[in-house]
Every structure is written in structure tokens, then in C-alpha cells.
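K.L.:
Any chance you can model this:
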Amino acid sequence: MYQNALGILLVIVTFFIVKYYEKQNNGIIGAISNWIPGILLSFIFPAIVTNSFGLSLEEIALHNWSKKYLYPLVIICIMSSMSLSQIKIIGLKPLILFVFGSFIISMIPVILISLVLLIDLSFFNVLINEELWKGFIPVVGSWIGGSSSMLVLQEHISLNEELFLSVLFFDTLLQNIVMIFLFQSVKKTDQINRFFKLNPIIDFKEENKKNTISTKAKLKSFAIIFSILALFNFFNFNFLTNVIGLSIMGLVLGNALKFWDHKTNLILGSVGIVLIMAILGLRLKIENFDLPLIFILFVLVWMILNMLFLVLMGWGLRVSFVWIPIALMANIGGLSTSPALASAYDKRLMPHAIVLAILSMATGTFWGLITTFCIQSIIK
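P.N.:
Predicted coordinates for the structure are as follows:
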């Protein structure tokens, strides 16, 4: 109970620090915010505190509460803030870009292992005999489907716990490094679009219509949201069912009800994402991990090639640059980091980032099974 209360306090403190941090546009803090956005600070700060003071908060009940109550609230709020008239923003090409990103994540390790077999048999034998190749499978699940796919694939491939824990730590470290890079690059979208003559996303100014929402309408919106959340919680659906069901409900409500308060729901969803990121930060443990250099280099090359191919595909499709980091984060990030990245460019892209993240969650295990089958075929 003491640890749970401490975790809640740290999350609340993190939230107010982040809000103060985001308001500082000048001085040292303003310069730092150019590289570490507030949403990323909400993830890093709790980890710094817990590791500095030796706190063990990765198993507290707050994590279960976040998954059971906070995630559903954020999902329905953000999805109900999206107008179907904006679906055209995504379009076919960004969707193709995202699916291509999932495909290359699953295929790059297959291609690299094939090349290793042809070039260096001793290197190949190390990957096979020490079963290091099994560590690549949950990475596919993590990058595309998230934690749930990662755990399913770890069980499927019978990866030993020691290697799995090391993979998990290295994967977390690498994803956070990439996350910092993506947050920084997405802010350069307009300059990159002009330089490479890419299509801009849209002119949002034409859609900024002033709509006055009454207090009664806001209360009705909140009442409907919390009633739906209570209903879903009563039936105790699994996490993925909640994600898909609440996303559909949010879309229907936000577009079928004329009195719906889109703006306030978007703000509430944004607040929820900061809290979720802070709670996730409580789990991040900075400790030594035991991974062979071969494995680390393999995954680093994998990530670099993944990013390079996605950039080339985006350039070939001539889509706005903003879709490249969003598509990449939807794959290697998730329901919290993908919309957070989108909000760094424009908050109205958050619902679309969630759509891609949901698709990523739904297909992560499938892509991991394909990778497993291909690598096992090479080994045989």
C-alpha cells in the first residue's frame, strides 16, 4: 500500500512538473524542451527518481489500474474527439506506409540471418547454437504489437527468462533513444516537406470553426463516456477487445451526437496520455544487462534499416514527412507514444495515430509468427 501511494504521488508530481516545463519557452528549460518534449519527460522523470533512490515500483497496483481504467478513458476520449471528415487526412498512402513498416520489421531479421548464413558461418552458428535468434522474435512482437504480443511470442518460441529480461531492457533502451529522435524530427516536418517538395498534410486553418459547447452538453458527454466505461468494465473484456470496442464507440459518439464536446475530450485524452507515460516510467529500471555484442549489433542494424526503408518508402509515395515518424512510432511505440508523437506536430492527428497503433496491436503477433516460420525454415 505504501509503495502504491508513493507511485501515485510521483505520477501526480510528474504531471505538474511536465505542465510547468511545457510553459517555459525561454532560457535553459526552453532549450532542453527542443530535444526532450514534455510528453517524453513524463516518462523519463519517474524513471530517474525510482532508479536514483532505489525504489521498486514496477509491480504496484497502479499499473493494473492504469491498464484497466486509464487506458480505456484515454482511448474513448481521443477517438470521440475525431471527426470522420478528417479521416481523409490519413488516406491510402500513409496506410500503405504503415503496413510496409510492419512488413519490413518482420522481414529484416530474416534477410540479415540469410546474409549471415552466406557470409559468415561461424557468426550464424553463434546465433543458432546459443539460440540468440529466439531473442529476435519477441522484439518483432514488441515493435509491432506491444507488450502483449511480446509476451505471447516469448511463450511461443520458449525463450528462456534470462535472455528475455535482457532483450526487454535493451529493447526499452533502444526504443527510447529512437523516441527522442522521432520527437525531434517530427517538429521539422514543414521544413523537410518544403526541402524535398513533399505534399503538406492539410491546412487545418480552414477547419477551425468556433463552436460554443454548453456546460450541459459537456456534462452529457462525460456522463455517456463514464457510463460506457462502466459497462465495459462490468463485462471485463480483455484489453484488445476494450481497445477496439471503445475506439468504435468513440468514433460513433463523436460523429453521431451533435452536442458532443470534441475539444474537452481531446484535452482530457491528452492529460491521460501524460499520466500513462508517467506510470510506464515507474517500470523502467536502469540496470546492467547481459547481452552478447553480436545480438546488440544485429538489432541496431535492424532498427537503422527499418528507419531507412520507411523514409525511402515515404519519399517514394510523396506523402508528408509527418507520416513517417507517426507510422514508425505506431509500430515500435503504442497507444500512448504514437498519439503523443502526433501531438508534437498537431493534436488533431492524435486519433489517427491511435488508429494505426490499434492496427499495430492487432497484427503484432501475426507478424512475429511469420518471422518465426521464416527463420526456422532457414535454420532447417
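
K.L.:
mind checking the SS state of Pro200?
P.N.:
Under DSSP: H, G, I helix; E, B strand; the rest coil, the three-state class of Pro200 is coil.

K.L.:
remind me which residues of the stretch 1-150 of the chain are low pLDDT?
P.N.:
Scanning the stretch 1-150 of the chain for pLDDT under 70 picks out 34-35, 82-90, 147-148.

K.L.:
roughly how far out does the helix ranked longest in the chain sit from the chain middle?
P.N.:
Across the chain, the longest stretch assigned as helix under DSSP state H is helix 350-379. Mean C-alpha position of helix 350-379 versus that of the full chain (C-alpha atoms, centre = their mean, to the nearest Å) differs by 14 Å.

K.L.:
which helices and strands does it pack with?
P.N.:
In terms of contacts (3 or more C-beta pairs under 8 Å, 6 or more residues apart in numbering; DSSP states H and E), helix 350-379 is packed against helix 71-80, helix 92-119, helix 136-140, helix 147-157, helix 239-256, helix 262-281, helix 323-332, helix 337-345. All C-beta spots, glycine's among them, are computed from the backbone N, C-alpha and C.

K.L.:
The fourth one versus helix 262-281: what angle between them?
P.N.:
Calculated by axes from the mean of the first three to the mean of the last three C-alpha atoms, to 10 degrees, helix 147-157 forms an angle of 40 degrees with helix 262-281.

K.L.:
How about residues contacting helix 147-157?
P.N.:
Under the contact criterion C-beta atoms under 8 Å, 6 or more residues apart in numbering, helix 147-157 has outside partners 134, 137-142, 164, 168, 239-240, 361, 364-365, 368-369, 372.

K.L.:
ok, now the last one?
P.N.:
With contacts defined as C-beta under 8 Å, 6+ apart, helix 337-345 is touched by 37, 39-40, 78, 179, 182-183, 186-187, 189, 269-270, 273, 277, 322, 325-326, 329-330, 333, 349-354, 356-357, 360.

K.L.:
PyMOL command to pick out the buried ones of those?
P.N.:
This is how PyMOL selects the buried members of the contacts of helix 337-345, with burial counted by 16 or more other C-beta atoms under 10 Å:
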select buried, resi 37+39+40+78+179+182+183+186+189+269+270+273+277+322+325+326+329+330+333+349+350+351+352+353+354+356+357+360
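
K.L.:
returning to that earlier point: now, of the helices and strands packed on helix 350-379, which is deepest in the fold?
P.N.:
Mean neighbour count, computed with mean count of other C-beta atoms under 10 Å, is highest for helix 323-332 among the helices and strands packed on helix 350-379, reaching a mean of 29.

K.L.:
picking that back up, compare the helices and strands packed on helix 350-379 and give me the one nearest Val126.
P.N.:
helix 92-119 (9.4 Å; C-beta to C-beta).

K.L.:
What residues sit buried inside the helix or strand just after that closest one?
P.N.:
Using DSSP states H and E, the helix or strand that follows helix 92-119 in sequence is helix 121-129. Of the residues in helix 121-129, Phe124, Val126, Leu127, Ile128 count as buried by neighbour count, 16+ other C-beta under 10 Å.

K.L.:
Helix 121-129 vs helix 92-119, what angle?
P.N.:
Using the same axes, to 10 degrees: helix 121-129 against helix 92-119 is 110 degrees.

K.L.:
What is the three-state secondary structure of Ile213?
P.N.:
Of the three states, Ile213 takes coil according to three-state DSSP.

K.L.:
Tell me how far it lies from His262.
P.N.:
Per C-beta to C-beta, to the nearest Å, Ile213 is found 8 Å from His262.

K.L.:
Which residues does stretch 91-109 contact?
P.N.:
Outside stretch 91-109, the residues that touch it by C-beta under 8 Å, 6+ apart are 133, 136, 139-140, 143-144, 298, 302, 305-306, 309-310, 313-314, 317-319, 323-324, 326-328, 330-332, 356, 359-360, 363, 367-368, 370-371, 374-375.

K.L.:
next one: stretch 222-230
P.N.:
The contact list for stretch 222-230 (C-beta under 8 Å, 6+ apart) reads Tyr69, Pro72, Leu73, Ile76, Cys77, Ser80, Leu246, Met249, Leu253, Leu257, Asn265.

K.L.:
Farthest-apart pair in these, please.
P.N.:
Of all pairs drawn from those, the greatest distance, 23.3 Å, lies between Tyr69 and Leu257 (C-beta to C-beta).

K.L.:
Lovely, talk soon.
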